[in-house]
Structure formats: structure tokens, C-alpha cells
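A.B. asks: just need the structure, nothing else, for what follows:
(2 chains)
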Amino acid sequence: MHDSHKFKIPMGPQHPALKEPESFSIALKGEKILGVEIRLGYNHRGIEKACEERSYIQDIYLIERVCGICSHSHSTCFIQAVEEIACLQIPERAKYIRTLIGELERIHSHLLWLGVAGHEIGFDTLLMYTWRDREVVMDLLAELTGNRVNYAINTIGGVRRDVSEQQALDVLKAVDILEERTKYYIGIATTETSIIKRLLGVGVLSHEDALRLDAVGPTARASGVTRDVRRDDPYAAYGSLSFDVITDNHNDVYGRTLVRVKELLESFKIIRQVIKDMPAGPLSVKAPRKIPAGEALSRYEAPRGEDMHYIKSNGTEKPERVKVRAPTLANVQAVKHMLKDRYLADMPIVIAAIDPCFSCTDRLISVDYLDTNRKQIIKWQDLHAYSIAWHRRHGIDFTKLNKETRGAGF
Amino acid sequence: MDIRRKILTWARIKSPWIIHFNTGACNACDIEIIAALTPRYDLERFGVQLKGAPRHADILVCSGPVTRQIECRLERIYEQMAEPKFVIAVGTCACSGGVFNGCYNIKGGINSVIPVSAYIPGCPASPKAIIDGAVKLLASLKK
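C.D. replies: Got it, this is the predicted structure:
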């Protein structure tokens, strides 16, 4: 076919199918996608750097705002790392409350996703249904923490609010309602032919590719990868709770939908156990203002997958380095793979199927040429080469040293 | 006010179409904006509809602090909207930059780039506050 049949479609950063500003450049041949370039960075706010200039307590506030949907995931992940460095043993009750809020967050996130997925395939009734039911969880979160989103329940050494007996009863009552609704959604997802036709065989990611591309969370579990931090490396109270890791072998968007709705049932199971087994006791231990020097890596199973925080402290009240690896960043490569040779029309649901959260993910190096008003985005390799060349011009040259060390057998 | 202007204002207040643009928000305000449009809060009862294209919209609903990457895009979307146009800044970050003030990639609130008609503070602004802000903006158009 002639080259002119190939064309490129820019999509975003403002696009009705995307809730967040991201830009995709899609190379097409007819209706088929040849390749996709994803340009991140519109949402990059520089949180990692800002954390270094704020105290640990202020950082909790900032880290919660990495992502509004999985704010508890990020703050817990961050705090776990700080507590590990400071060798703090948090009270059992605090662990259970963290687990409770974490699972409520997972329910709200998965219901939100189910609605968005319904919207992307043109099934807006599902969006309205799930978002109506989601309000039940939002009410609970507001009751337990004081805010609908960005709960601020965590503090270094424990949690900030207790769960009263009345609140525990309210949680159980809400879980019963939600379980009934979830069973209805599972019924829809497994019997409604238009949903199955729209999702089955779309956005395929084989088991091998999921492992090779390091997919995480429901995206990986729908390709038969049994990977869940809650079971593999238990944190909070998960070590003493029983639950199943849901996997699926459909390897496609349909599988990802099933994994998420079934995970909702597991979350209800976990919440019932948490309420039943929650021990009495204090909510937090006293944490030092200055965290001793050290480093820690913390993992957390966010609704979208494994979240990772690395913290290096230097004995002051501010961290020296904070690094966030959000789950969407791990899944972005898989999306490129899923879209290849697929039809353009499937693109929104395939992207939505990883439940992307770009506010967590965004990182980019951008250079603005102020004199010519020219803007350029440069890649990491180019920046690497540029930095070496620049330093060489300024008298720092490793060429000779490299040769010498090579000669010395390094 | 002549009769033509009166009819136009009446129509505008009855069907304010909005476009939502995330200028660097953490998603919290975005999910609350969508929650305001779904059955519990149902902003649509005021005639508010979410549109995909800037040219169809009367109100630009922005959330989040303006990042340096998005700044020129925000200007372009604002320019593409037909007159008269209004901007609502949802959330503390959109109002002033909030917690992200001082970050190297943050320009500030929405009003550092384009004029804003209504500010809705909150972290995140609750759907109730969003409805209140939208209704107040519509009420101000009557005058």
C-alpha cells in the first residue's frame, strides 16, 4: 500500500474520551493502529521535588494529592516507608483502620472504573448506575474520615481518627447493599451479549507479555498473573485476613472487567473481617519530628496495581529524596502493546481498561528556549548526551578516565 | 435590555453547556465534578450538560493548578470557545495553586492564565459546592 494511506492522528491533551490531559499520537493504516506514541507530562507538578522542601508531616498532605482517587494508597505507602526508617511499630487498631479505609477506597475506585468503562463503550446507563451506588461508599468515607476524597486519616505512627461502634455498623450495612448491587453487575457483565461482544478479545495482553512488560494490578491479574502485594508482601492488617487473589485467563478487557467486579466481592469479605476482628487499643504512637538517616522502599496494592515509594532520609525533618512509582506508569507500556494492530475504535476502552491515572504517572523533561520562544521536549537519552557534552565544554571530561579504567580491566 | 437580549439570556441560563478541563489536578476534583453530573446530585436538572468540544460550550470548568505543560493548551481552549464564555475554577488548587504553590512546574491558579468568573474552593470541592457555584454563576448572569 502507498505511504499516503498511513496517517497520524493526534489525540488530546483535551479530548472527550480522556478525563485527564494526555496526548496520544496514533499512526494509522486505514482503521488499523500501527503504533501509538504516548506523551505524558501535562499533569506533572513536581511533587517528588516539592517533598524534599517540606517536612514529613507536610509531605503526607502533599503525597495524598499525587492522585485523588487512590490518595489513601499513596499516603499509606509513603508512611510505611517513613515508619520503617524510624523503626516505629504502629498499634494493631491503626493497622485495621488503614486496611478498612484502603478497601473502601478500592470499592469506590473499582465502581468508578466500571462506570467509566461503561461510558467508553457507549453504555451510559451503567455509568449512572455505578456512580449512584458509589455514593454509598463516598458517604461512608465522609463519615469515617471527614472528607469524601483525600481522607487524611494517616499520620506517621498510626491513624488520626477512630471508628466508633455506630460507624462500624453503618459500614456493615453499606457493604450489604453494595454486595447486592455488585452481584447484579456481575450478572450484567457475564450475561449481557452487547457487553461481551464489545469487550471480549479486545486489548489482548498475553500471559507472557504481561510478565515481560511488568504489568501490575488487575491488568496483570486478568492475564493470569497471580501478583498481589496484599498477599505477597502483606502490609497493614492483610497478613491476618483471609481473601483470594482474583485472576482471570481471558487476557483481554473482558477479563479485566471480571477481575475488578470480583475483587469488589473480596473487598466486602475483607471489610467484614476487619470490622469483626478490629482490636481495641490506641490509634497511634508518638513519632519523632526528625527521622533518622536511612532509606526504605515500600509497596502497596493500590486499586490500579502495585504502588511503590522510595524514601531516603538524612536525619533532618525533611526527606532527602522521595520517589514515587505509580501503577499506571508500569501499565503504560502494556497499553502500547495492546493497541498495536487493533482498530482505532477500540482505543478508548483499551486505554480505560488499565484504569489509567495520569496524575500519578506524569514525569517529563522539558526544555523551553526562552530566547527563541521555541519549545522542545527531549528524551532521556538526548538529555543524557546533552549533559555529557555540556559538561565537556565546561571542562569536566570523562573520556580519558573512561579509557584508563577500561585499560585497567574494569 | 431589548427583547432579543432577554431571550438570549434566558436561553443561556436554562442550558449552560460545560466543558471540563483538567489543568494538572490530582483527579479528586475531576471525580467530584463527574459525581455532580451523576444521579445523586444531578447537575443536569439545571440544564447543565457536559460537552466534548470547546466550541459547543459556554462554561469552561477547570480543575487543578496550571502546569507549565498545559498552560498554552488552556489558553487555546479558552480562545476556541465562543463568546460569551465563563470560567469556573473548581478546587483550591484551581483557585490559587493551593498546596502546589512553589513547585517548579506550577504556574499558579487558573486566573494566572485566563480570567475566571467563579471560584469554588475545597480540597476537593464537594459536588454540593460545585452545584452551588454553578447556580451562583447562572444567577449572576441574570443581572
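A.B. asks: can you tell me the centre-most residue of chain B?
C.D. replies: Against the mean C-alpha coordinate of chain B, by Cα atoms, centre = their mean, the closest residue is B:V61 at 2.0 Å.
A.B. asks: where do the strands of chain B begin and end?
C.D. replies: Remark: strands assigned in chain B by DSSP state E are B:17-22, B:49-50, B:59-63, B:66-67, B:86-90, B:106-108, B:118-120.
A.B. asks: could those strands go into TSV alongside mean pLDDT and distance to B:L43?
C.D. replies: (C-beta placed from N, C-alpha, C; glycine too.) As requested, the strands of chain B are exported to TSV (pLDDT from 0 to 100; distance: least, Cβ to Cβ, whole Å):
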stretch	mean pLDDT	distance to B:L43
strand B:17-22	90	8
strand B:49-50	87	9
strand B:59-63	92	10
strand B:66-67	90	24
strand B:86-90	94	12
strand B:106-108	90	27
strand B:118-120	95	13
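A.B. asks: make JSON lines out of those and add distance to B:D2.
C.D. replies: Below are these laid out as JSON lines (distance: least, Cβ to Cβ, whole Å):
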{"stretch": "strand B:17-22", "distance to B:D2": "24"}
{"stretch": "strand B:49-50", "distance to B:D2": "28"}
{"stretch": "strand B:59-63", "distance to B:D2": "24"}
{"stretch": "strand B:66-67", "distance to B:D2": "39"}
{"stretch": "strand B:86-90", "distance to B:D2": "22"}
{"stretch": "strand B:106-108", "distance to B:D2": "40"}
{"stretch": "strand B:118-120", "distance to B:D2": "27"}
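A.B. asks: tabulate those (CSV), appending distance to chain A.
C.D. replies: Converted to CSV, the strands of chain B look like this (distance: least, Cβ to the nearest Cβ, whole Å):
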stretch, distance to chain A
strand B:17-22, 5
strand B:49-50, 9
strand B:59-63, 10
strand B:66-67, 6
strand B:86-90, 12
strand B:106-108, 6
strand B:118-120, 14
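A.B. asks: so which of these comes closest to A:E320?
C.D. replies: Smallest distance to A:E320 across the strands of chain B (Cβ to Cβ): 22.1 Å, for strand B:106-108.
A.B. asks: sheet partners, orientation included, of the closest one?
C.D. replies: Strand B:106-108 pairs in its sheet with strand B:66-67 (antiparallel), by DSSP bridges.
A.B. asks: so how far is the partner strand off the chain centroid?
C.D. replies: Relative to its chain's centre, strand B:66-67 lies at 15 Å (Cα atoms, centre = their mean, to the nearest Å).
A.B. asks: got the contact list for that strand?
C.D. replies: A:42-45, B:23-24, B:74, B:105-110, B:112-113 (Cβ atoms under 8 Å, 6 or more residues apart in numbering or on different chains).
A.B. asks: quick revisit: in the sheet, which residues pair with the residue nearest to the centre of chain B? Tell me.
C.D. replies: Applying DSSP bridges to B:V61 yields these beta-bridge partners: B:H20, B:I88.
A.B. asks: is it true that it touches B:F21?
C.D. replies: Yes: using Cβ atoms under 8 Å, B:V61 makes contact with B:F21 at a distance of 7.1 Å.
A.B. asks: got the buried residues for the top helix by length along chain B?
C.D. replies: Across chain B, the helix with the greatest residue count (assigned by DSSP state H) is helix B:127-142. Residues of helix B:127-142 classed as buried: B:P127, B:A129, B:I130, B:I131, B:G133, B:A134, B:L137, B:L138 (neighbour count, 16 or more other Cβ atoms under 10 Å in any protein chain shown).
A.B. asks: please apply the same query to stretch A:170-182.
C.D. replies: Going by 16+ other Cβ under 10 Å, stretch A:170-182 has these buried residues: A:D170, A:V171, A:A174, A:V175, A:L178, A:E179, A:R181, A:T182.
A.B. asks: hmm, it in reach of chain B?
C.D. replies: No: contact of stretch A:170-182 with chain B (Cβ under 8 Å from any Cβ of the partner chain) is absent, the minimum separation being 13.4 Å.
A.B. asks: check the offset of that stretch from the chain's centre.
C.D. replies: Worked out by Cα atoms, centre = their mean, stretch A:170-182 lies 25 Å from the chain centre.
A.B. asks: which residues does that stretch contact?
C.D. replies: Stretch A:170-182 has contacts (Cβ under 8 Å, 6+ apart) with A:100, A:104, A:107, A:133, A:136-137, A:139-140, A:143-144, A:163, A:261, A:264-265, A:268, A:271-272, A:275.
A.B. asks: go again using 10 Å as the cut-off
C.D. replies: A:100, A:103-104, A:107, A:110-111, A:114, A:129-130, A:132-134, A:136-137, A:139-140, A:143-144, A:163-164, A:261-265, A:267-269, A:271-272, A:274-276 (Cβ atoms under 10 Å, 6 or more residues apart in numbering or on different chains).
A.B. asks: residues near B:G47, how many?
C.D. replies: The local packing of B:G47 (other Cβ atoms under 10 Å in any protein chain shown) involves 14 other residues.
A.B. asks: what's the answer for A:T125, then?
C.D. replies: Count around A:T125 with other Cβ under 10 Å applied: 10.
A.B. asks: now for it: which residues touch it?
C.D. replies: Shown in contact with A:T125 (Cβ under 10 Å, 6+ apart): A:G118, A:H119, A:I188.
A.B. asks: any idea how far A:I349 is from the first one?
C.D. replies: Spelled out, it's A:G118. Separation of A:G118 from A:I349 (Cβ to Cβ, to the nearest Å) stands at 10 Å.
A.B. asks: might you name the residue of the stretch 1-150 of chain A sitting closest to chain B?
C.D. replies: Residue nearest to chain B within the stretch 1-150 of chain A (Cβ to the nearest Cβ): A:G68, separated by 2.4 Å.
A.B. asks: now do the strands in the stretch 51-200 of chain A.
C.D. replies: Secondary structure of the stretch 51-200 of chain A by DSSP state E, counting those that start in this stretch: the strands cover A:154-155, A:158-159.
A.B. asks: name the helix or strand of chain A that has the lowest mean pLDDT.
C.D. replies: Every helix and strand in chain A was compared by mean pLDDT, DSSP states H and E; the lowest is strand A:366-369, with a mean of 38.
A.B. asks: what is the end-to-end distance of stretch B:58-78?
C.D. replies: Stretch B:58-78 has an end-to-end distance of 10 Å (criterion: Cα to Cα, to the nearest Å).
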